[in-house]
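1. Below: sequence and its predicted model.
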Amino acid sequence: MSPFEAAERLRAGGLVAIPTETVYGLAADATQEAAVRSVFALKGRPADHPLIVHLGSAEWAVHWGLLPAQFHQLATRFWPGPLTMVVPRLARVSRLITGGQDSVALRVPRHPLTLETLRCLGQPVVAPSANRFGHTSPTRADHVLAEFPELPVLDGGPCPVGLESTIVDLTGPEPRLLRPGQISREDLEEVLGPLAGSLAGAPRVPGALDRHYAPRTLTQWFEGKIPVGRWGWLGFAGRGASAEVLMPPSASEYGARLYAALRELDQAGVELILVERPPEGPEWEAVQDRLHRAVSH
Ligand code: AMP
Ligand code: MG
């Protein structure tokens, strides 16, 4: 499938899985209510979980949101890229997309095939991760097909970032980090100055469910005890487990491989997956966040 064919299918109200630098998205034309509804239906996503509107360029944002000064600063610095900004929505934005809220989440993704698709279509797409609600996000075309065998996929290779976008809320008096991602709190603070509060204290947004990125196999932190039976290992060095995925020492490479690693261990037929705690530090915040969700129940 080419970007042109993907755009034609979207124009006709159909769904297409699109590659982005973060994860594969389940795309629908954001201006077609019926198409947006079918995204919720296919994913089994609750209606109060808002969708991110993916734009072909930053200029498109003027049709969708009320744009504060910080929006322009961040767009100039980070778009196209893995940063989503939540701004007050304009009246034309369907409340279906915003989960009934008066704000809308906007992003320009950084993948050449998807940018070409958006330019062909001439409209933004909504694009939540192309997996059933609650499952691990797909970072390769074959992951998408494992979830939705019938879905047309625009294959753009493995996603280089591999974790969902950073989300910053610009609707309040002070910017707030809603979801950590590869663009770190420090990166944002370089542009905006200090962000309000810490992630721990922030109110939960819809969609920030604990077990949102979890494998089906019981997954726990490694606390130094080797279990009996068949177990899987996600860590930096081997431990003699029945199935092991060894992870790279850099946070960005770890993030790029994490979801494929969790899928692999989930399919290895083990009773338990143990996860070695990665280092602390600002560059690890997004990986820490996704691992905390994977081990919580
Ligand atoms: P994704 O899981 O990458 O599809 O991103 C969707 C997530 O973006 C939602 O679950 C929310 O956390 C966030 N989001 C989208 N729209 C809004 C909004 N209007 N207000 C607050 N958060 C939003
Ligand atoms: Mg998702």
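-> Noted; the coordinates are in hand. Ligands and ions are numbered 1, 2, ... in the order given.
2. so what's Thr20 closest to, chain neighbours aside?
-> Pro109 (4.0 Å; CB to CB, 6 or more residues apart in numbering). In this view, the C-beta of every residue, glycine as well, is placed from N, C-alpha and C.
3. Neighbours of the one you found, how many?
-> 25 (other CB atoms under 10 Å).
4. Ok, Ser184 next?
-> Using other CB under 10 Å, Ser184 has 19 other residues around it.
5. what's the spacing between it and Val86?
-> 18 Å (CB to CB, to the nearest Å).
6. Arg110 too?
-> Between Arg110 and Val86 the computed distance is 19 Å (CB to CB).
7. which one of these two has more residues nearby?
-> Ranked by neighbour count (other CB under 10 Å), Arg110 and Val86 place Val86 first, with 25 against 18.
8. In three-state terms, label the residue nearest to the spatial centre of the chain for me.
-> In the chain, the C-alpha nearest the mean C-alpha coordinate belongs to Glu164, at 2.4 Å (CA atoms, centre = their mean). Following DSSP: H, G, I helix; E, B strand; the rest coil, Glu164 is assigned to coil.
9. okay, the residue nearest to it when sequence neighbours are not counted: pLDDT?
-> Excluding the flanking residues, the one nearest Glu164 by CB to CB, 6+ apart is Thr22, at 5.4 Å. Thr22 is assigned 98 on the pLDDT scale.
10. hmm, stretch 23-43 touching ligand 1?
-> No - on the criterion CB under 6 Å from any ligand atom, stretch 23-43 is out of touch with ligand 1, staying 7.4 Å away.
11. How about stretch 44-54?
-> Yes - for stretch 44-54, a contact with ligand 1 is found by CB under 6 Å from any ligand atom, at 49-50, 52.
12. re the thing from before, pretty sure the residue nearest to Thr20 sits against Tyr24.
-> No - the criterion here is CB atoms under 8 Å, and Pro109 misses it with Tyr24 at 10.9 Å.
13. Stretch 128-148 spans what distance, first to last residue?
-> With CA to CA, to the nearest Å as the measure, stretch 128-148 spans 14 Å from end to end.
14. Quick check: beta-bridge partners of the spatially closest residue to Arg9 that is not a sequence neighbour?
-> Sequence neighbours aside, Val16 is the residue nearest to Arg9 in space, at 5.3 Å (criterion: CB to CB, 6+ apart). Beta-bridge pairing of Val16 under DSSP bridges involves Ala27.
15. Am I right that Val16 is in contact with Pro3?
-> No - the pair Val16 / Pro3 is not scored as a contact, 9.9 Å apart, by CB under 8 Å.
16. And those two? Which one has more around it.
-> The neighbour comparison of Val16 against Pro3 (other CB under 10 Å) goes to Val16, with 26 against 21.
17. Next one: that one from ligand 1, what distance?
-> Val16 is 15 Å from ligand 1, where distance means CB to the nearest ligand atom, to the nearest Å.
18. got a pLDDT number for that residue?
-> 98.
19. what sits against it?
-> 1, 6, 9-10, 27, 117, 151-154 (CB atoms under 8 Å, 6 or more residues apart in numbering).
20. And Ser94, by the same measure?
-> Ser94 neighbours (CB under 8 Å, 6+ apart): 30, 33, 36.
21. what's the answer for Leu154, then?
-> Per CB under 8 Å, 6+ apart, neighbours of Leu154: 1-3, 6, 16-19, 113-114, 117.
22. and these, which of them are in strands?
-> 16-18 (DSSP state E).
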